[in-house]
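>>> Here is the input, now give the coordinates:
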Amino acid sequence: MTEPTASPSYVVIGNPIAHSKSPQIHALFAAQFAGNPALAGFCYDRLLAPVDGFAASVAQFAASGGRGANVTVPFKEDAFRLANLLTARAQAAGAVNTLQLQADDSWLGDNTDGAGLVADVLRHVEIRGRRILLLGAGGAARGVILPLLAQQPASLTLANRTLSRASQLVEHFQANTTILLQACEYGAIAGQFDLIINATSASLGGERLPISNSVFAPGALAYDMMYGKDETPFLAQAREAGVVLRVDGLGMLVGQAAEAFHLWTELRPDVEPVLVWMREQL
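Numbering: from 1, shown residues only. Here you go, the predicted model:
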């Protein structure tokens, strides 16, 4: 287990965790504000927590001077249950990926994944007034729906292998928005979309999704939350369908980290140079 070395201290908690690039990302963010009093004593490390010992690890971290944490697999739902106070986007996501220690020693739980996605998409296209197709109905999809709806798209269609899971998510979010939300199975997707987001893990397994090339509207942006050194299977599908704008999820990773950094420090880092550095490391 990696011990924090200074106060205030920040970590990324997970199991496994050795592969995480979060310490390098946050070090690059902090370097942009060298000398700023808000970052006095700022340090960031990895924290390996036992699979059945998340709460105890967080308590120990706080007792040693810890002030905030990013939370990754498999602890996002544990962090949701641990947090004493939840942001609206964490509540909607049903998961927490960022913790901030409050003055009364309680934990604020946030979910910055959706904000990271939206910020990265907006680097390429507008979302307002666009037709969105979100592929998948798991935790990754749920975590980004509220931030996407906040951008006022024309509609959001949630497609999944099983209709019931997609329908449950649509029902959950429909009560609080006037935006058209629809659910369907992959084979029943109707119409064309301006923004198609792959929130499934299919690309990790080298799988293609059973969707038609016709879902991509002219000028559409295809976005895969997964990323890697090589083109993902979903983005290969989009390329073969004639889609010019194709983006992987590396910017989402950096963007969600930037949102956490801002929550902790009230400083907004520039993600572009960090994204360039991350791309070079793949």
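>>> Please make it C-alpha for all contacts and neighbour counts, starting now.
Noted.
>>> any weak-confidence spans in this protein?
The model of the chain has pLDDT under 70 over residues 1-8.
>>> Got phi/psi on Ala159?
Main-chain dihedrals, Ala159, degrees, to the nearest 10: phi -110, psi 140.
>>> which helices and strands does the strand ranked longest in the chain pack with?
Counting by DSSP state E, the longest strand found in the chain is strand 216-224. Strand 216-224 sits against strand 193-198, helix 233-240, strand 245-247, with contacts defined as 3 or more CA pairs under 8 Å, 6 or more residues apart in numbering; DSSP states H and E.
>>> what's the longest one packed up against?
Packed against helix 233-240 by the contact rule (3+ CA pairs under 8 Å, 6+ apart) you find strand 216-224, strand 245-247.
>>> quick one on the thing from earlier: turn the helices and strands packed on strand 216-224 into JSON lines, columns for distance to Asp105 and mean neighbour count.
JSON lines is the format used below for the helices and strands packed on strand 216-224 (distance: least, CA to CA, whole Å; neighbours: other CA atoms under 10 Å):
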{"stretch": "strand 193-198", "distance to Asp105": "38", "mean neighbour count": "24"}
{"stretch": "helix 233-240", "distance to Asp105": "44", "mean neighbour count": "19"}
{"stretch": "strand 245-247", "distance to Asp105": "40", "mean neighbour count": "19"}
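>>> Put together TSV for those, with distance to Thr178 on each row.
Compiled in TSV, those are given as follows (distance: least, CA to CA, whole Å):
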stretch	distance to Thr178
strand 193-198	19
helix 233-240	30
strand 245-247	29
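>>> Nearest to Ala88, out of those?
Ala88 lies closest to strand 193-198 among the helices and strands packed on strand 216-224, at 22.2 Å (CA to CA).
>>> Identify whichever of the helices and strands packed on strand 216-224 lies nearest to Thr157.
Relative to Thr157, the nearest member of those by CA to CA is strand 193-198, separated by 9.1 Å.
>>> those helices in the chain, which residues are they?
22-31, 54-63, 76-82, 88-93, 113-122, 139-150, 163-174, 233-240, 250-265, 271-281 (DSSP state H).
>>> roughly how far is the third one from the heart of the chain?
The chain centroid and the centroid of helix 76-82 are separated by 16 Å under CA atoms, centre = their mean, to the nearest Å.
>>> what's in contact with that helix?
Outside of helix 76-82, the residues within contact range by CA atoms under 8 Å, 6 or more residues apart in numbering are Phe54, Ala55, Val71, Leu86, Ala90, Gly94, Ala95, Val96, Asn97, Leu99, Trp107, Gly109.
>>> bridging residues for Leu180?
Taking DSSP bridges as the rule, Leu180 bridges to Ser155.
>>> burial of it, as a residue count?
The tally of other residues near Leu180 (other CA atoms under 10 Å) stands at 14.
>>> what do you get for the one 3 residues further on?
For Ala183, the tally of surrounding residues (other CA under 10 Å) stands at 25.
>>> doesn't Ser167 make contact with it?
Yes: using CA atoms under 8 Å, Ala183 is in contact with Ser167, at 5.3 Å.
>>> if we can go back for a sec, and the longest strand of the chain with helix 113-122, angle?
130 degrees (axes from the mean of the first three to the mean of the last three CA atoms, to 10 degrees).
>>> and the residue nearest the centre of the chain, how far is that from Asp230?
Closest residue to the average C-alpha location of the chain: Asp113 at 2.2 Å, with CA atoms, centre = their mean. Between Asp113 and Asp230 the distance, using CA to CA, to the nearest Å, works out to 23 Å.
>>> which residue of the protein sits farthest from its center?
Largest centre distance within the chain, by CA atoms, centre = their mean: Gly35, 29.3 Å.
>>> my guess is the residue nearest to the centre of the chain meets Gln256, correct?
Yes: here Asp113 reaches Gln256: they are 5.1 Å apart, a contact under CA under 8 Å.
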